[in-house]
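Asks: Pasting a predicted model and its sequence here:
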Amino acid sequence: MSLIDKLKQRRSYREFELESFDIQLLIDAIEAAKYAPSGANKQPWTFCIIKNPEIKKEIRLQSEKIELEFYKKISNDWKSDLNPLKVNAEKPFLEFAPYLIVIFKHIFQYDQNHQQTKVYYPDISVGIATGILITVLTDLGLDILTYTPYPNLFLRDILKRPDNEKPYIILVVGKGSSSYKLPEITKKANEDIIIIY
């Protein structure tokens, strides 16, 4: 199957098979993602692979606490838009998927003398690297769920990351459960999103 066909079939699983796989697959995929373009080649990213069950459980507990507050605050329209996706405040996949990749963006960096230096376009740079990582993981036959808790600084605390790193996204990685019923969704038609001049 071509990469384009694999990407067309990519779906977000919220339940994963319990069996693990060689962590080297993730390391190789990150190795590819690090070649993403970045502002002034600052490469403003850190990729944290989490396999430790206790850390995954702590991330789940903190995320669910935040999600409970989130669902109290959002509008009825927002809740209605989320209904077809069958999402709620419970995030068991954070604990039971084989791996989490927490991606941090650098809001500044330190030089060899521990002096602060600027980074440029960190959101765009990390977004491109994340897209490449998702693409490579998909090509390797893995399933990925993107998860963005907010506020998310608890991730920096749990993983003991420095103050110049801000959590960007969690990629939940594994093999989607064969018993999980994927929501029925459609994608926009090409003529609705592509304009040729």
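Replies: Now that the structure is in, tell me what you want to look at.
Asks: Strands of this protein, residue ranges please.
Replies: Using DSSP state E, the strands of the chain run over residues 45-50, 99-106, 109-110, 116-117, 143-147, 165-174.
Asks: how about those strands, which one is nearest Leu153?
Replies: strand 165-174 (6.7 Å; Cβ to Cβ). Just so you know, the C-beta spots here come from the backbone N, C-alpha and C atoms, and that holds for glycine as well.
Asks: who's in contact with the closest one?
Replies: The contact list for strand 165-174, computed with Cβ atoms under 8 Å, 6 or more residues apart in numbering, reads 13, 16-17, 20-21, 26, 45-46, 59, 93-94, 97-107, 123, 126, 130, 133-134, 137, 142-149, 152-153, 155-156.
Asks: repeat for stretch 34-47
Replies: 30, 33, 101-107, 109, 119-122, 124-126, 128-129, 131-133, 161, 165, 168.
Asks: just to revisit the earlier point, in PyMOL, how would I select the buried members of the contacts of strand 165-174?
Replies: Here is the PyMOL selection string for the buried members of those, based on 16 or more other Cβ atoms under 10 Å:
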select buried, resi 13+16+17+21+26+45+46+59+93+94+97+98+99+100+101+102+103+104+105+106+126+130+133+134+137+142+143+144+145+147+149+152+155+156
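Asks: Buried residues, the lengthiest helix in the chain. List them.
Replies: Longest helix of the chain, by residue count under DSSP state H: helix 53-73. Applying a neighbour-count criterion of 16+ other Cβ under 10 Å, one finds Ile55, Lys56, Glu58, Ile59, Arg60, Gln62, Ser63, Glu64, Ile66, Glu67 buried in helix 53-73.
Asks: quick one, what contacts the nearest residue to Ile170 once chain neighbours are set aside?
Replies: Excluding the flanking residues, the one nearest Ile170 by Cβ to Cβ, 6 or more residues apart in numbering is Tyr147, at 4.4 Å. Each residue near Tyr147 by Cβ under 8 Å, 6+ apart is listed here: Ser63, Lys91, Phe93, Leu94, Ile169, Ile170, Leu171, Val172.
Asks: how much space between Tyr147 and Pro183?
Replies: With distances taken as Cβ to Cβ, to the nearest Å, Tyr147 is found 16 Å from Pro183.
Asks: Return the helix or strand in this protein with minimum mean pLDDT.
Replies: In the chain, no helix or strand scores lower on mean pLDDT, DSSP states H and E than helix 76-82, which sits at a mean of 92.
Asks: just how off-centre is it within its chain?
Replies: Computed by Cα atoms, centre = their mean, to the nearest Å, the chain-centroid distance of helix 76-82 equals 22 Å.
Asks: Just the residues contacting it, thanks.
Replies: So helix 76-82 is in contact with Tyr71, going by Cβ under 8 Å, 6+ apart.
Asks: Could you list which residues are in contact with Ala29?
Replies: Leu133, Val136, Leu137, Leu140 are the contacts of Ala29 under Cβ under 8 Å, 6+ apart.
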